[in-house]
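J.: sequence first, then the predicted structure, then my questions.
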Amino acid sequence: MRFIITFKDPDGVYDSIRDAAYNSVNSIEGLDDDEKESLVIDRHESLSDLASKWISYDEYLTIEIDTDAKTARVVERK
C-alpha cells in the first residue's frame, strides 16, 4: 500500500534555507557584514529556487510512504 502525506511548514522551510545560506556565507573570510548579508540574500534565493522542485509555495512538502517496500520518497511538485 502507498499513501501520501503533505506537510505545511512555512517557517521551517524559510528558516532552514536561511540557516543554510548563513552557514555557507559565514565560512568565507574577508567579507564585511554588508557583503555577507547581500550574499545570504542571493544564496537564500538560489536555494529556494532549487528546493522549489519539491517544495510548493515555500511551505508544502509531500512524501509518499510505501508500506510494502518500507520506503518513503519526497514527491516532486507538479
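T.: Received the coordinates, thanks.
J.: touching stretch 4-15 from outside, list them.
T.: 51, 55, 58-65, 75 (Cβ atoms under 8 Å, 6 or more residues apart in numbering). For glycine as for every other residue, the C-beta is placed from the backbone atoms N, C-alpha and C.
J.: show the average pLDDT along that stretch.
T.: Confidence for stretch 4-15, expressed as mean pLDDT, is 94.
J.: what's the span of it, first residue to last?
T.: 25 Å (Cα to Cα, to the nearest Å).
J.: and it, what's buried?
T.: Within stretch 4-15, the residues that count as buried by 16 or more other Cβ atoms under 10 Å are residue 13.
J.: chain center to it, what's the gap?
T.: Stretch 4-15 sits 9 Å away from the centroid of its parent chain (Cα atoms, centre = their mean, to the nearest Å).
J.: same check on stretch 25-42?
T.: With Cα atoms, centre = their mean, you get 20 Å for stretch 25-42.
J.: swap in stretch 20-38?
T.: Remark: stretch 20-38 is offset 19 Å from the chain centroid, using Cα atoms, centre = their mean.
J.: same question, stretch 71-78
T.: Its chain's C-alpha centre and that of stretch 71-78 lie 14 Å apart, by Cα atoms, centre = their mean.
J.: make residue 1 into 29 and carry on from there
T.: Yep, numbering from 29; the last one is stretch 99-106 now.
J.: and for it, what's in contact with it?
T.: Contacting residues not belonging to stretch 99-106 are listed as 32, 80-84, 89-94 [Cβ under 8 Å, 6+ apart].
J.: cool, thanks, talk later.
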